[in-house]
Structures are given as structure tokens and as C-alpha cells.
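1. this one's structure only:
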């Protein structure tokens, strides 16, 4: 086996091991602030190096573990996105007041382990490796959610997340058993040669849908979405940001990888995906309208966006796959920017209410602008990356004849614009009940906010290069047809 192609995985394993060893060390003499600063700088340094390692291995190709683990441009692009997502989340962890001071090393350990597991997931090429990778990432997130200082919120959210995740995992495992018994193969390439001819068989359809259930849970697709609002609200702001970004990127990748080998030729499967897409979009947008907590609003927004992503995936052709890959990048940028503002506005780690945004444009113009651009992009307003992503997805669907599905999606986009405007109205038009001091934002955070705004707008204007990257990443999926 050529272990050099597993450079990102080896690096993130070593980085997580480093934080694990640090967590075993006895408390040190220096002040807590100095110790936390050292842990933060270590984490952001390792996350930065991780991006470079992933970029250096972007063209790596090959197999590991008797072809149970595939390395190709598809997996390497998603690993780069995951490394970028980890770096962005670590960058807003400089002042974590909602995680116990004694648990910061464990926090970073679980964050790096979860990223490693998600990287393993996007390359997994067998049912067993997919299941183990998914479980490793899920259990890391369960613990991260429960680490919040406010035990009544963190533990309750962690338990709900765990219970629903365990149910989805059991359903997925049963589906994998059905696929294995029907095809006699546990490797995706081997199944790709057998299942398309058996796709109309009830056991294959049920097995495939049950298998996808575990990934739908990760993406917060109806009916596996119930955990999202409570988990976002109960988790610390940084953990909620990670779940909304990196976790969703990996879920999109694994759903595409599984559907690429067995999804073609089944009208039943497409009909189910269309139904899940429509319900997820509609339910997520309608439920978000009445939310007062920003994290709950973003959670229901995530459910709605999972429906948009499914439109690109259910097309089951290279155009749809590349559109979904581009949209994964868009979600990473948009959701991170929104959560960055939440973290800055709630330095004590509390849950932020929409009404608390009043006067934000005066307290911190850069953060208000970042929130404005992120929400406009989530709503699909041009010229933002969110508009471009939706345009690519809707175009791919129309070319396949799903005009009515695109019409429903566009209606949902209009609905979503209403509650995004409510948040923007609070930030720009409402005045606080009492005068509030200016929001103190450090220069690195202002720079990060400026870069996020520029990325969202510039990529919306000039998306050609990233579209090419998405098309190149989608090519390995089309080879399985």
C-alpha cells in the first residue's frame, strides 16, 4: 500500500494524538488565560498546516486496505474543504467561555478526531469503512455537544442527538445488511456492477434508502432532522458552527458517493428523493419564520438547504454532482460567516436572540455587513456564492426535466427571504432598548470577516475556477455509471 496518499489522514491523526497527550498532562502553573492562548495557537497552527497538507495531496490517487479506501480527486477536494472548515472553526475559538477551562485540550482533540473521521468517510469505499467512519464522527460530535458548561442545555442536547443518531445508525446498518445480502458484495465498486440490474428489486430499494438514512441524519434531511434545532441551541456556539459547516460538507460527499454506484435506473428512488427534498425545503423554511433564537433559525435554515442540495444530487448526472459540490463550498462559507457573527456578539457563550441584534450596524459595522452578506447569500440574492450555487443546481434539474421541482424550490427561496430579512431588519433598522457600547472586535476577526465577505461576493461574481474544480471532483462519480 502506498501510504503517502493518506497524508491528510496521517497528519490529522497525529494532531489529534498530540491534543490527547496534552489532555493527560497535569495542570500547569501559568495563568489559565496563558494556557488557553497556547492551546488555541497550537490548534490554529495545526489546522493551518492541515490545509497545506490537503492541498499538497489534492492530485493523489490510489487505494488502501484492499481497496476499501479510495483516494481520488473527489475525496481530496472534500478533504480540502473539511480542513478549511476546521481552520475556520478553530479561528473563532480564541475565547471559549462556554467550554470548561479544564476541557479545552479535549475539545480540540475531539474536533480534530471528528475532522479525521469525516475525511475517512469521504474516501470510504466499503460498507464497513463507511459505517465505522460515520460512527467515529458522530460520537465525537455527541461528546462535543455535551461539553457545554450549561449542563442543562448541553447534556439534554447531547442526549437527544445521541438517541436520534443511534436510531438512524441502526436503520442504516439494517439497510447495509440488505444491500450486502442482495448483491453479495461489500465494496461500492463491486456493487456498482451488480445493483443497477437489480435496482427495481424491493430489497435493494429499501436497503439503499435505509443506508442513506444515516447520511440523511448527518445532513438534517426530513425525517431525520428533529435533532438539529435542539442540538444547535444546546451546543456551544463554536460546536454548532462546526456541525453546520464541516459535518454537512462530509454528508453531501458520502450521499453522492453512495448514490453514484447504485442510484441510476430507479424511478422509485428518485421519487423518494424528490419527496424528501420538497418536504425538507418547505418544513425548514416555514419553521424558521417563527424562531426567536438565531441558532434555532440557522438550524431550520440548514434543513431547508439540505432540500436544495438533494435537488442537485437526485439529478444523478455530472452536472448535478458538480452543482452539489459547489453548493457544499457555498454552505461552508455562508454558515461560517453567520456563526462568526453569533460568536462575536455573544462572547459569554450565551444563546443569542434576534432582538439582541438591534443596533449592530452602529456597534460593529463590519460584523453587521458580514451578517448581511451571509444571510443574503443564504437567501440566494445575486451576486453572491449562494445565488450561484442555487443557479447551478436549478439549471441541472431543469435540464433533466424537473421544472416543477425547481418552481417549488424557488417558492421556498422567496419564503426564506422573509425570515432572513427579519434578522437583517433587527441588525440595521431596530434600536436597542438601552444604549450599548461599541462591540470590540480584534483586528484578526475584522480581517476574517472582511475575507469572508470578499469570498462570498467575489466567488458569486467570478465562480468559473471553482466550478471547474467542482466538475473535476465530480468526474470520478460519473465513471461508475
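-> Yes, it's here. What you see is a predicted model; the values in this text were computed from it and never measured.
2. Show the low-confidence segments of the stretch 251-400 of the chain, by residue range.
-> By pLDDT under 70, the weakly predicted segments of the stretch 251-400 of the chain are 262-266.
3. repeat that with 80
-> 260-269, 347-349 (pLDDT under 80).
4. Is residue 70 in a helix, a strand, or coil?
-> strand (DSSP: H, G, I helix; E, B strand; the rest coil).
5. Now do the helices in the stretch 301-450 of the chain.
-> All helices of the stretch 301-450 of the chain, identified by DSSP state H, counting those that start in this stretch, fall at 318-345, 360-363, 365-379, 385-399, 403-428, 443-461.
6. Put together TSV for those helices, with distance to residue 208 and mean neighbour count on each row.
-> To be clear about C-beta, it is placed using only N, CA and C from the backbone, and glycine gets the same treatment. Output for those, formatted as TSV (distance: least, Cβ to Cβ, whole Å; neighbours: other Cβ atoms under 10 Å):
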stretch	distance to residue 208	mean neighbour count
helix 318-345	17	26
helix 360-363	46	20
helix 365-379	31	24
helix 385-399	21	22
helix 403-428	21	17
helix 443-461	34	17
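7. Tabulate the ones you listed (CSV), appending distance to residue 8.
-> Below are those laid out as CSV (distance: least, Cβ to Cβ, whole Å):
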stretch, distance to residue 8
helix 318-345, 17
helix 360-363, 38
helix 365-379, 28
helix 385-399, 24
helix 403-428, 34
helix 443-461, 22
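8. which residues sit in contact with residue 318?
-> 471, 474-475, 477-478 (Cβ atoms under 8 Å, 6 or more residues apart in numbering).
9. Which of those fall in helices?
-> 471, 474-475, 477-478 (DSSP state H).
10. Mind giving me the ChimeraX select for the residues you listed, buried ones only?
-> Only the buried entries of those go into this ChimeraX selection, using 16 or more other Cβ atoms under 10 Å:
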select :471,474,477
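11. could the ones in helices among the contacts of residue 318 go into TSV alongside distance to residue 425 and pLDDT?
-> Output for those, formatted as TSV (distance: Cβ to Cβ, whole Å; pLDDT from 0 to 100):
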residue	distance to residue 425	pLDDT
471	38	85
474	39	82
475	44	81
477	42	75
478	44	68
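12. Widest-spaced pair of the ones in helices among the contacts of residue 318?
-> With Cβ to Cβ as the measure, no two of these lie farther apart than 471 and 477, at 10.9 Å.
13. returning to what we had before: tell me the one among the contacts of residue 318 nearest to residue 348.
-> residue 474 (43.3 Å).
14. Now that the closest one has come up, it's in contact with residue 322, right?
-> Yes - taking contacts as Cβ atoms under 8 Å, residue 474 lies within contact range of residue 322: 4.2 Å.
15. quick one on the thing from earlier: just give me the closest of the ones in helices among the contacts of residue 318 to residue 86.
-> residue 474 (23.4 Å).
16. Could you pull up the contacting residues of residue 47?
-> 83, 86-87, 90-91.
17. Show the model's pLDDT score for residue 407.
-> Predicted confidence (pLDDT) for residue 407: 91.
18. I meant to write residue 51 there.
-> Looking at residue 51, its pLDDT stands at 90.
19. from now on call the first residue 44
-> I'll keep to 44 as the first residue from here, and by that count the last item is residue 94.
20. which is the next helix or strand following the longest helix seen in the chain?
-> Using DSSP H to define each element, the chain has its longest helix at helix 194-226. Downstream of helix 194-226, the next assigned helix or strand under DSSP states H and E is helix 231-241.
21. Now the element after that next one, going C-ward?
-> helix 245-262.
22. Contacts for the helix or strand that that next one is followed by, please.
-> Next along the chain after helix 245-262, taking DSSP H and E as the criterion, comes helix 270-277. Residues from elsewhere that reach helix 270-277 (Cβ under 8 Å, 6+ apart): 188, 191, 196-197, 199-201, 203-204, 207-208, 260, 263, 283, 286-287, 330, 334, 336, 338-339, 341-343, 345-346, 394.
23. Now do the helix or strand following helix 270-277: distance to the chain's middle.
-> Where DSSP H and E defines the elements, the next helix or strand beyond helix 270-277 is helix 280-287. Centroid separation between helix 280-287 and its chain, computed with Cα atoms, centre = their mean, to the nearest Å, is 9 Å.
24. quick revisit: so which of the contacts of residue 90 is the closest to residue 256?
-> residue 129 (26.3 Å).
25. Look up phi and psi at the nearest residue to the closest one once chain neighbours are set aside.
-> Leaving aside its sequence neighbours, residue 129 sits nearest to residue 158 (Cβ to Cβ, 6 or more residues apart in numbering; 4.7 Å). Phi and psi for residue 158, reported as degrees, to the nearest 10, are phi -60, psi -40.
26. In contact with residue 158, which residues?
-> Listed by Cβ under 8 Å, 6+ apart, the contact set of residue 158 reads 55, 93, 125-126, 128-129, 289.
27. now do 7 Å
-> For residue 158, the contact set (Cβ atoms under 7 Å, 6 or more residues apart in numbering) comprises 55, 125, 129, 289.
28. which outside residues touch stretch 238-258?
-> 177, 211-212, 214-215, 217-219, 221-222, 225-226, 267, 294, 297-298, 301, 305, 307-309, 311-312, 315.
29. Tell me the pLDDT of the residue nearest to residue 129.
-> pLDDT, read off for residue 158, is 91.
30. go on, residue 490?
-> Value for residue 490, per-residue pLDDT: 90.
31. got it, and residue 121?
-> Looking at residue 121, its pLDDT is 90.
32. Dump the contacts of residue 90 to TSV, plus secondary structure, pLDDT and neighbour count.
-> Output for the contacts of residue 90, formatted as TSV (DSSP: H, G, I helix; E, B strand; the rest coil; pLDDT from 0 to 100; neighbours: other Cβ atoms under 10 Å):
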residue	secondary structure	pLDDT	neighbour count
126	helix	91	25
129	helix	91	29
130	helix	92	18
133	helix	89	24
134	helix	88	20
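33. Pick the one among the residues you listed closest to residue 379.
-> residue 134 (9.2 Å).
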